[in-house]
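Q: sharing a sequence plus its predicted fold:
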Amino acid sequence: MISILDIFLNFLKIGVFAFGGAYAVIPLIEEQMVTNTKWMTFAEFSDLLAIDELTPGPIIVNASTFIGMKLSGVFGAIAATFGCVVPGCIIALILIRLYRKYKEIPVISEAIKVLKCMSVALIFSVLIKMFMNAVFPSGLGSLGDINILSLLMVIASFYVLKRYKVNPMLVMLTCGCISLIASFL
């Protein structure tokens with residue numbers, strides 16, 4: 001079991017650098033949990049992220065809580081959540097005051113535009129990793145091992161979401177049910 005202090009400090013680090021909204025923080029959490037500390041595999045991270053998307057509440061808080069719970073139970077969940085949330089609250093209060101005071105300065109508005117672009121790039125990088133993990137479970141080296149069902153569900157989900165503007169939760173639940181049924185067949 002991983003120490004509560006280690007969990008708190010790692011999520012404190014994530015909380016301090018968590019800019020760009022919840023989806024932009026996902027690559028940061030993934031890098032810290034999968035690459036740096038190796039506390040979980042990318043497959044485990046993807047599973048937790050999928051569960052996180054199905055539960056109500058802020059994504060970063062849910063992800064922190066789920067990961068902390070997986071690593072060290074209830075106290076791990078509390079440490080991860082607290083470590084992730086406190087820096088954001090403090091930084092947000094400071095930034096709100098500064099933004100209200102200096103929002104008319106052109107450099108500030110340009111910095112906001114740059115941060116938006118960076119957020120999109122970070123979100124897209126996790127999207128690509130999750131797509132590759134779902135469709136090519138053995139990696140790109142073995143193209144014969146393509147998960148056709150996952151590929152079809154990605155294409156169908158994208159089409160249904162764009163064409164019919166269906167609630168994403170319904171699409172996720174449908175894909176989950178299809179995967180569950182396919183695993184039994």
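A: Nice, I can see it.
Q: flag every buried residue along stretch 50-57.
A: Using 16 or more other CB atoms under 10 Å as the test for burial, stretch 50-57 gives residue 52. In this view, the C-beta of every residue, glycine as well, is placed from N, C-alpha and C.
Q: let's see it as PDB, backbone CA atoms only.
A: Provided in PDB are the C-alpha atoms of stretch 50-57 (Å, rounded to 0.1, in the frame of the first residue of the first chain):
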ATOM      1  CA  ALA A  50     -14.400   5.700 -17.900                       C
ATOM      2  CA  ILE A  51     -16.000   5.200 -14.400                       C
ATOM      3  CA  ASP A  52     -15.200   8.800 -13.600                       C
ATOM      4  CA  GLU A  53     -17.100  10.000 -16.700                       C
ATOM      5  CA  LEU A  54     -20.200   8.100 -15.600                       C
ATOM      6  CA  THR A  55     -20.400   9.600 -12.100                       C
ATOM      7  CA  PRO A  56     -21.700  13.000 -11.300                       C
ATOM      8  CA  GLY A  57     -19.300  15.700 -10.100                       C
END
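Q: name the residues that touch that stretch?
A: Residues from elsewhere that reach stretch 50-57 (CB atoms under 8 Å, 6 or more residues apart in numbering): 59, 62, 63, 66, 169, 172, 173, 176.
Q: show me the residue at the heart of the protein, geometrically.
A: Geometric centre of the chain, nearest residue: residue 26, 3.1 Å, by CA atoms, centre = their mean.
Q: what about residue 81, how many residues nearby?
A: By the measure other CB atoms under 10 Å, the count of residues near residue 81 is 24.
Q: same deal with the one 10 residues further on?
A: Other residues within reach of residue 91, judged by other CB under 10 Å, total 15.
Q: now swap in the one 3 residues further on and tell me
A: Summarising burial for residue 94: neighbours were counted as other CB under 10 Å, giving 10.
Q: name the element it belongs to?
A: Assigned by DSSP states H and E, residue 94 belongs to helix 59-102.
Q: related to what we said a few turns ago, so which of the contacts of stretch 50-57 comes closest to residue 106?
A: Nearest to residue 106 out of those is residue 59 (CB to CB; 32.0 Å).
Q: can you list the low-confidence ranges for the protein?
A: Applying pLDDT under 70 to the chain picks out residues 20-21, 142-143.
Q: still on that earlier bit, tell me which element the nearest residue to the residue nearest to the centre of the chain once chain neighbours are set aside falls in.
A: Leaving aside its sequence neighbours, residue 26 sits nearest to residue 126 (CB to CB, 6 or more residues apart in numbering; 4.9 Å). Using DSSP H and E, residue 126 maps to helix 106-135.
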